[in-house]
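Engineer: What follows is a predicted structure for the sequence shown.
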Amino acid sequence: MELRFPEYDLGLLAPMLILVITGLVVLLADTFGRRRASGDRSFLAYLSLLGLLLTFYANSRLSGVVAAPFHGLLAIDAVAVFFNYVFLASSMLVVLMSISYGARHSMNVGEYYGLILFSTLGMMLMAAGGDLMTIFLGVEILSLNLYVLAGFLRGQARSNEAAMKYFLLGAFATGFLLYGISFLYGATGTTNLKAMGGFLKAAPAGNVSALLYVGMGLLIVGFGFKVTAVPFHMYTPDVYEGAPTSITAFLSAGPKAAGFAALVRVFSFALEGLHADWWGAFWLIAALTMTLGNILAIVQANIKRMLAYSSIAHAGYVLVALVASGGVGGAQRLGVSSVLFYTLAYTFFNLGAFAVVVAMGRGDRDQVGLADYAGLGYRRPWLALVMALFMVSLAGIPPTAGFVGKFVVFKSALNAGFVWLTIIAVLNSVVAVFYYLRVIVIMYMREPAAEMQAEAAGASFSGSLVIALILAVLGTLDLGLFPSRYLDLALRSVQALLG
Amino acid sequence: MISLQHYLALGAILFAIGVVGVLTRRNAILILMAIELMLNGVNITLIAFARHAGNLTGQIFVLFIITVAAAEAAVGLALVIALFRGRDTLNVDEIHLLKW
């Protein structure tokens, strides 16, 4: 028997391969490095950063490529490349802010950075999923790593609890996701997204199997969990509060963007022909997600919980763009490109806000009460200034990335004719201004408690954290002041796919 | 004659038993077992559809699901042990440091 190896261009896989190799190298370097006595393990973080930078470079080499290697299992195209930038930016920022946080909580070990690298691989698989099988594997590679990362502070009951809750609900949601996939497969006879889209185009209008609708509903449940859409958001505040702060930051940016990447792949592209059938469900979920997220964020006294609810609300805004990504001509292009732009912008200012929360910590104690921020404007003026910038951006006030992101999302919704949804979204952003500005008010206009004042003198930044903050500030301002470059890139990415 | 519908019904029943188990059981390990039951319901459905569609995609998918379920169980049980060491309980109603 003759064995023939199919010829594949491994260059297409270069970003993923580099990530895997770096992850393994980090794990091994930790094991073998342990023989040496020095306790400092921050070199593992720099090794991971190097790997992420290499991946960034390999990813940039893929711009302009449209390919479906491995019998269409992967879809390497401009949208995947754009999402990869988002994932890499979020992972890099998280690694940078982990160095000092990890040192304080003695969790600077190889597994930590290895898991971050492997979960980045899972996100890339989701964004480059040309087949439901790949997307499922991406979801699982991502989730299994995240469950462990959420419980990384093994000695802390809260961290254990967060991991357990995340795991049980995540696995539960995976069950729904898989059941939905099996129905889509049953209705169309394929799991390949391109073939599925072709099947729907060929099918006579209004005459598709009911299985397809059940499958879509179950998929919405499964993916809704990943992007923390209401009513599948229940785990979010608990997990975000209990997980290590650097991991909370990670959870709120990269994995969510990956969830949206998968949603875009499945709904905006493969099931675009059924837009009339699925937009209603997403309309309702988007409206609920924005409203509930914003209202519950108002009453939080813990900044991690507040940012958790705020991240739920922001998922709602992205869902608005998803609702608008189909139907009338040109809507698909605008809708999907606003999803791309918003996830990129959100990564910078949201991770920036979390980096400030990390910088507030002392020893093995995190300061996460809103009251801890009282008088921060005098105690640590620079930190308060950047926090104010991130809050302004989260609230969507110009000249920041948050404003441009909201603007393009609302524009795409209006363009597709969803006037009421846009009105709900605008009202929501008004509500949101209240709790974001309250943080600024607390920082600048409230007297700190006496023991806090004494602490001010010993305040210090670690270098890597400063770099993370500077990068986040630059990203927020750059996307806010000169958005056209990134908007163009997002539009062209989607255009390349639609041909 | 056992038809496609019979297999789908079996899959649906298994999935439903799993869902009810997750919602009613209070022990973390039993919830984990109920989730595995859901996945097995999915597996039966996929294989039935693969036979019906006449291609192997569904069967290959099942192999992946079984693999992932094994990895999931490993991670899940590790988390259970970590939790049990600190709390001496696996009752999810007593795990409430963080309000749900």
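Structural biologist: All right, it came through fine. Numbering: from 1, shown residues only, chains lettered A, B, ... in the order given.
Engineer: okay, now the nearest residue to A:Ala270 once chain neighbours are set aside: neighbour count?
Structural biologist: Nearest residue to A:Ala270, sequence neighbours excluded (CB to CB, 6 or more residues apart in numbering or on different chains): A:Leu193, at 4.0 Å. C-betas here are computed from N, CA, C, even on glycine. A:Leu193 is flanked by 23 other residues according to other CB atoms under 10 Å in any protein chain shown.
Engineer: which residues touch the nearest residue to B:Ala28 once chain neighbours are set aside?
Structural biologist: Excluding the flanking residues, the one nearest B:Ala28 by CB to CB, 6+ apart is B:Leu90, at 4.5 Å. B:Leu90 makes contacts with B:27-29, B:80, B:83-84, as judged by CB atoms under 8 Å, 6 or more residues apart in numbering or on different chains.
Engineer: Can you show me the helices along the stretch 101-250 of chain A?
Structural biologist: Here the stretch 101-250 of chain A has its helices, by DSSP state H, counting those that start in this stretch, at A:110-127, A:132-150, A:157-188, A:193-202, A:210-226, A:235-242, A:245-263.
Engineer: Quick one: mean pLDDT over the helix or strand just after the last one.
Structural biologist: Okay, so that is helix A:245-263. Per DSSP states H and E, helix A:245-263 leads on to helix A:275-298 as the next helix or strand towards the C-terminus. Across helix A:275-298, pLDDT averages out at 93.
Engineer: Quick check: which helices or strands does helix A:275-298 pack against?
Structural biologist: helix A:210-226, helix A:303-323, helix A:419-445 (3 or more CB pairs under 8 Å, 6 or more residues apart in numbering or on different chains; DSSP states H and E).
Engineer: Report the backbone C-alpha coordinates of the shortest one in PDB.
Structural biologist: Just to be clear, that refers to helix A:210-226. Provided in PDB are the C-alpha atoms of helix A:210-226 (Å, rounded to 0.1, in the frame of the first residue of the first chain):
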ATOM      1  CA  ALA A 210     -37.100  22.200  11.600                       C
ATOM      2  CA  LEU A 211     -34.000  20.600  13.000                       C
ATOM      3  CA  LEU A 212     -32.000  23.600  11.800                       C
ATOM      4  CA  TYR A 213     -34.000  26.000  13.900                       C
ATOM      5  CA  VAL A 214     -33.600  23.800  17.000                       C
ATOM      6  CA  GLY A 215     -29.900  23.500  16.300                       C
ATOM      7  CA  MET A 216     -29.600  27.300  15.900                       C
ATOM      8  CA  GLY A 217     -31.400  27.800  19.200                       C
ATOM      9  CA  LEU A 218     -29.000  25.400  21.000                       C
ATOM     10  CA  LEU A 219     -26.000  27.100  19.400                       C
ATOM     11  CA  ILE A 220     -27.200  30.400  20.700                       C
ATOM     12  CA  VAL A 221     -27.300  29.000  24.200                       C
ATOM     13  CA  GLY A 222     -23.800  27.500  23.900                       C
ATOM     14  CA  PHE A 223     -22.100  30.600  22.400                       C
ATOM     15  CA  GLY A 224     -24.200  32.900  24.500                       C
ATOM     16  CA  PHE A 225     -22.500  31.400  27.600                       C
ATOM     17  CA  LYS A 226     -19.100  32.100  26.100                       C
END
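Engineer: Within range of chain B, give me the residues from chain A.
Structural biologist: A:133, A:136-137, A:140, A:144, A:147-148, A:151, A:154-155, A:157-158, A:160-165, A:167-168, A:171-172, A:174-175, A:178-179, A:181-183, A:185-186, A:189-191, A:234, A:237-238, A:241-242 (CB under 8 Å from any CB of the partner chain).
Engineer: Give me the below-cutoff pLDDT ranges for the chain.
Structural biologist: Just going to use chain A. Chain A contains residues with pLDDT under 70 at A:1, A:6, A:35-39, A:108, A:204-207, A:364, A:450-461, A:499.
Engineer: Hmm, no, I was thinking of chain B.
Structural biologist: Applying pLDDT under 70 to chain B flags residues B:98-100.
Engineer: Give me the spatial nearest neighbour of A:Thr422, chain neighbours excluded.
Structural biologist: Among residues not flanking A:Thr422 along the chain, A:Ala413 sits closest, at 4.6 Å (CB to CB, 6+ apart).
Engineer: roughly how far apart are that neighbour and A:Ala287?
Structural biologist: 11 Å (CB to CB, to the nearest Å).
Engineer: Tell me which of the two has more neighbours.
Structural biologist: Under the criterion of other CB under 10 Å, the comparison of A:Ala413 against A:Ala287 puts A:Ala413 first, with 31 against 20.
Engineer: what kind of secondary structure is that one in?
Structural biologist: Here A:Ala413 is recorded as helix under DSSP: H, G, I helix; E, B strand; the rest coil.
Engineer: From what I see, it and A:Trp420 are in contact.
Structural biologist: No - with contacts counted by CB atoms under 8 Å, A:Ala413 stays clear of A:Trp420, the gap being 9.6 Å.
Engineer: how about A:Gly110, what does it touch?
Structural biologist: Counted by CB under 8 Å, 6+ apart, A:Gly110 has contacts A:26-31, A:41, A:44.
Engineer: Tell me the most packed of these, by neighbour count.
Structural biologist: Comparing the contacts of A:Gly110 by number of neighbours (other CB under 10 Å), A:Val26 comes first, having 27 neighbours.
Engineer: Which strand or helix spans that residue?
Structural biologist: With DSSP H and E as the test, A:Val26 turns up in helix A:14-33.
Engineer: How far away from the center of its chain is that helix?
Structural biologist: Centroid separation for helix A:14-33 versus its chain: 23 Å, with CA atoms, centre = their mean, to the nearest Å.
Engineer: can you give me the angle it makes with helix A:132-150?
Structural biologist: 30 degrees (axes from the mean of the first three to the mean of the last three CA atoms, to 10 degrees).
Engineer: returning to that earlier point: give me the common contacts of A:Ala413 and A:Ala287.
Structural biologist: Common contact partners of A:Ala413 and A:Ala287 (CB under 8 Å, 6+ apart): A:Leu421.
Engineer: Where is the longest helix in chain B?
Structural biologist: Counting residues, the longest helix found in chain B (DSSP state H) is helix B:57-87.
Engineer: ok, A:Leu481 touching A:Pro399?
Structural biologist: Yes - the pair A:Leu481 / A:Pro399 is scored as a contact, 5.4 Å apart, by CB under 8 Å.
Engineer: Just the buried residues out of the contacts of B:Leu90, in ChimeraX syntax.
Structural biologist: Selection of buried members from these for ChimeraX, criterion 16 or more other CB atoms under 10 Å in any protein chain shown:
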select /B:28,80,83
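Engineer: For the residue nearest to A:Gly197 when sequence neighbours are not counted, list the residues it contacts.
Structural biologist: Nearest non-adjacent residue to A:Gly197, counting by CB to CB, 6+ apart: A:Ala270, 4.7 Å away. Residues near A:Ala270 by CB under 8 Å, 6+ apart: A:193-194, A:196-197, A:200.
Engineer: could you redo the last one with a cut-off of 6 Å?
Structural biologist: A:193, A:196-197 (CB atoms under 6 Å, 6 or more residues apart in numbering or on different chains).
Engineer: do A:Tyr317 as well
Structural biologist: By CB under 6 Å, 6+ apart, the contact set of A:Tyr317 is A:Val409.
Engineer: let's go with 10 Å and repeat that
Structural biologist: By CB atoms under 10 Å, 6 or more residues apart in numbering or on different chains, the residues touching A:Tyr317 are A:286, A:289-290, A:293, A:338-339, A:342, A:346, A:396, A:402, A:405-406, A:409-410, A:413, A:425, A:428-429, A:432.
Engineer: Nice, that's everything, thank you.
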